[in-house]
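Novice: Fold the following, please.
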Amino acid sequence: MTDQAKSRATILVIDDDPDIHEICRLVLEPQGYRLAVAVSGAAGRAAMAADPADLVILDVMMEEADAGFQTAQWLAAQHPAVPVLMLSSIADAADSLFDTSTLKVADLVNKPISPQDLLEKIGKLLAAR
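Specialist: Down below sits the predicted model:
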């Protein structure tokens with residue numbers, strides 16, 4: 001992905017943890033990405049409805065245990081071209097805790113993720129759009 005394309009890409013982080021917002025800001029903004037944040041699935045849906053992002057980083061467990069999955073389903077229906085990267089501390093156990101068979105996300109990975117891995121995943125997902 002070119003630097004010019006990065007500078008135009010907006011990433012929406014939907015997570016109830018302000019530390020995740022700050023980490024994403026520290027990692028992504030210096031690379032030229034624009035960052036928007038939301039603290040709940042409902043706030044994330046409102047943000048996407050008002051100003052759709054190019055990629056969404058989404059937590060699984062927020063205001064409700066499955067809020068991330070509900071939001072992912074909404075995103076798949078309303079914004080099918082927008083890749084969703086789910087980050088969760090329960091990624092390895094998600095299949096046994098929730099029905100993920102119909103989940104339409106680009107990737108589901110464990111927190112914490114290294115800054116380099118996060119940048120690589122974002123770059124690949126945006127390039128594939």
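
Novice: Can you name the residues bridging to the residue nearest the centre of the chain?
Specialist: Ranked by distance to the mean C-alpha position of the chain (CA atoms, centre = their mean), the top residue is residue 57 at 1.0 Å. Using DSSP bridges, the bridge partners assigned to residue 57 are residue 13, residue 85.

Novice: Wait, it touches residue 17, no?
Specialist: No. Using CB atoms under 8 Å, residue 57 is not in contact with residue 17; the gap is 11.6 Å. Where you see a C-beta, it was placed from the backbone N, CA and C, and this is true even at glycine.

Novice: and the gap between the residue nearest to the centre of the chain and residue 110?
Specialist: According to CB to CB, to the nearest Å, residue 57 and residue 110 sit 13 Å apart.

Novice: what's the overlap in contacts for the two?
Specialist: residue 87 (CB atoms under 8 Å, 6 or more residues apart in numbering).

Novice: Doesn't residue 109 lie inside a strand?
Specialist: Yes. Applying DSSP: H, G, I helix; E, B strand; the rest coil, one finds residue 109 inside a strand.
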